[in-house]
Structures are given as C-alpha cells and as structure tokens.
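Colleague: Here you go, sequence then predicted model.
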Amino acid sequence: MALYSAVCPLPVNRIKNRLFDTDARDYILRVEAADGQRLESQVRGAINAFVIGCKADGTWTSLVASCIMAGARTVAGAIVPLRGNAPTNNNFVAGDYSRTLGLLGNDSNKYLATGYNNNDTTNFPQNDSHISCYVSATQTDASGVLVGTQSTLGGILSINYATAAQILFRNRASTQRLFSEAPLGFQASTRNNSANFSSRATQSGGNISDSTTTVASTAPSNQLFGVFCGFSGATANQFSAARMSFYSIGKSLSIPNLDTRVTTLMSTLARVIA
C-alpha cells in the first residue's frame, strides 16, 4: 500500500510524519477541490484512518458506490464519491448540510441519484451484494427509502422504513427483514449466497440488532438506486426526511467491520470539527 508523507510537496496534510494512503489522498484532494479550500488536519487524518482500516478489513473493494456525506465543508464536497461514480444532487442546498451529521432529506424532492441500476449484476451480483447507510438523525416522516430502490419490488437492494419506529431490509428478495425500532446509526444488509441474507439495525444508544433472513434470491429488477429516495424505474419516489452521513452499495462484506469503521469515522468527525 503506497503512502504519501504529509511533508511532501503535494497538499494533503502538514502534520509531521503522518502518512496517507493513496486512495485516501486522492479522495481528500477531490473533496478539497469541490469545497474550494483545505480540510482541517484532523479531518484529513480521520478519513485516512477510515480508508486504511477498510483496506485492512477487506471491505474496501466491496464499496462499489459510496459517499462520506460529512467532514467536507460544502454540499458539493459531501457528495464527492469515496468510491464509484459521483451521485447527482437534487435540491440539496447549504442549509441542509451539517459537517458532522450530513445531509437532511425533506420527504419531497431532496435526494441523490446514484446513476447505478439495481440490475447491474457486474457491480451488484445477485448473490454477492451489500447496502448500508449511517442515519445521524432519525426520520420524522412515517415511511421512505434511506438508500436503494423502490421497497415494494422483488430482487432489490433497499433500506427503508414503514413507520417512524420500523426499519426494513430487502436484499435480492421481496421478503423483508423488519426491525421494530427507529434507526439511528449504522444500518446494513449483505448477501453472499442464494439462500439467505444478513442485516444489522442500530437504534438510539448504539443498541444493535443482527439477524439472518432465510429467503432465496431472485433476479434483480430494473430500477435505479437512490439515496433519500427509491426509484420506480427511473422515477424517484418514496422520499425520506432522515439525516444521513454515509452510504454504500456494492458486493458482500463483513457488516461488523464496516460498522466499526463508519461509526468510528463519524464519532471522530463529531469530536474534531468545531
């Protein structure tokens, strides 16, 4: 793994002896270009530690499409992709963004269009897929998609909620896993076989519920992936009013490992950003 010194001519970090992973360095420079100014040293360090940690855990290559929607100084910086293609911003403005809590949906017209399709089995194979998000403030509306696609279809990847106190996971099947708790923190599901998928719901206080759902996978349907919304074909719907600071979609991975890295990143950002 190539690392760059903080004291090299390239503007990553000026803290003596701090080394940066090449992918972390690339991401930081792209965020700073979008923001129009440098990030604080501690923010750069937190991002670097996150990337190095994901690589050590073996989860980095499973993040096909992902954004850290916190830490950056602007909305433009917050939707710079950590991995994959840049999402399209639909109606998020500066007042919707917190550097420590992320973007806030409005249950109406604020969402990110990832540009990826649920039926893209090269990036999101039927039996080798995950989806995750970090909810930093639970929704105030009664239903909506946090990340994924329309929640009523089969063969999809989706994290959504049906009431203010219920979160649902679907992973390549119409059968869902429901947790009767309001999401707050890291949420994810992953599938690495045709027979079942695993999911994790986190609620206030960091209380975690893990489950394995036995349901056969089905062929992925033709729907785009959204963040703060689902999609019916190419039409955004099922909007969310939650606040989120991270999402990822990709291949199967260890949920506990990614949870630890994302939760640590968000805790660190909350501590170091004034």
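Modeller: Yep, it's here. Everything quoted here is computed from the prediction, not taken from an experiment.

Colleague: for the stretch 1-150 of the chain, what are the low-confidence residue spans?
Modeller: 1-18 (pLDDT under 70).

Colleague: all strands of it, in order?
Modeller: For the stretch 1-150 of the chain, strands defined by DSSP state E, counting those that start in this stretch occupy the ranges 3-5, 19-21, 63-68, 88-90, 97-98, 102-104, 111-117, 129-137, 144-148.

Colleague: can you list those in JSON lines and add distance to Phe228 and mean neighbour count?
Modeller: All C-beta atoms are positioned from the backbone trio N, CA, C, and that covers glycine. Formatted as JSON lines, the strands of the stretch 1-150 of the chain follow (distance: least, Cβ to Cβ, whole Å; neighbours: other Cβ atoms under 10 Å):
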{"stretch": "strand 3-5", "distance to Phe228": "34", "mean neighbour count": "15"}
{"stretch": "strand 19-21", "distance to Phe228": "29", "mean neighbour count": "22"}
{"stretch": "strand 63-68", "distance to Phe228": "12", "mean neighbour count": "24"}
{"stretch": "strand 88-90", "distance to Phe228": "9", "mean neighbour count": "15"}
{"stretch": "strand 97-98", "distance to Phe228": "13", "mean neighbour count": "20"}
{"stretch": "strand 102-104", "distance to Phe228": "7", "mean neighbour count": "24"}
{"stretch": "strand 111-117", "distance to Phe228": "4", "mean neighbour count": "21"}
{"stretch": "strand 129-137", "distance to Phe228": "10", "mean neighbour count": "26"}
{"stretch": "strand 144-148", "distance to Phe228": "7", "mean neighbour count": "28"}
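
Colleague: among those, which is nearest Ile28?
Modeller: Shortest distance between Ile28 and the strands of the stretch 1-150 of the chain, using Cβ to Cβ, is found for strand 19-21: 7.5 Å.

Colleague: Now do that closest one: distance to the chain's middle.
Modeller: With Cα atoms, centre = their mean, to the nearest Å as the basis, strand 19-21 stands 23 Å off its chain's centre.

Colleague: Can you name the residues that contact the residue most central in space within the chain?
Modeller: Of all residues in the chain, the one closest to the mean position by Cα atoms, centre = their mean is Tyr247, 0.7 Å from it. Neighbouring residues of Tyr247 by Cβ atoms under 8 Å, 6 or more residues apart in numbering: 66-67, 69, 132-134, 146-147, 227.

Colleague: who touches the nearest residue to Ala234 once chain neighbours are set aside in this structure?
Modeller: Distances taken as Cβ to Cβ, 6 or more residues apart in numbering place Leu224 nearest to Ala234, at 5.6 Å, with adjacent residues excluded. Applying Cβ under 8 Å, 6+ apart, one finds that Leu224 lies in contact with 113-118, 149, 231, 233-234.

Colleague: Swap in 10 Å and give it another go.
Modeller: With contact taken as Cβ atoms under 10 Å, 6 or more residues apart in numbering, Leu224 is in contact with 113-120, 149-150, 230-236.

Colleague: how many neighbours does Asn85 have?
Modeller: 11 (other Cβ atoms under 10 Å).

Colleague: Tell me how far the residue lying closest to it once chain neighbours are set aside lies from Ile52.
Modeller: Spatial nearest neighbour of Asn85, excluding adjacent residues (Cβ to Cβ, 6+ apart): Gly115 at 5.3 Å. Gly115 sits 28 Å away from Ile52, going by Cβ to Cβ, to the nearest Å.

Colleague: and what of Ser98?
Modeller: 25 Å.

Colleague: likewise Phe228?
Modeller: 29 Å.

Colleague: Give the residue from these two that has the larger number of neighbours.
Modeller: Per other Cβ under 10 Å, whichever of Phe228 and Ile52 has more neighbours is Phe228, with 31 against 19.

Colleague: Go ahead and confirm that one touches Val135.
Modeller: No: judged on Cβ atoms under 10 Å, Phe228 makes no contact with Val135 at a distance of 11.0 Å.
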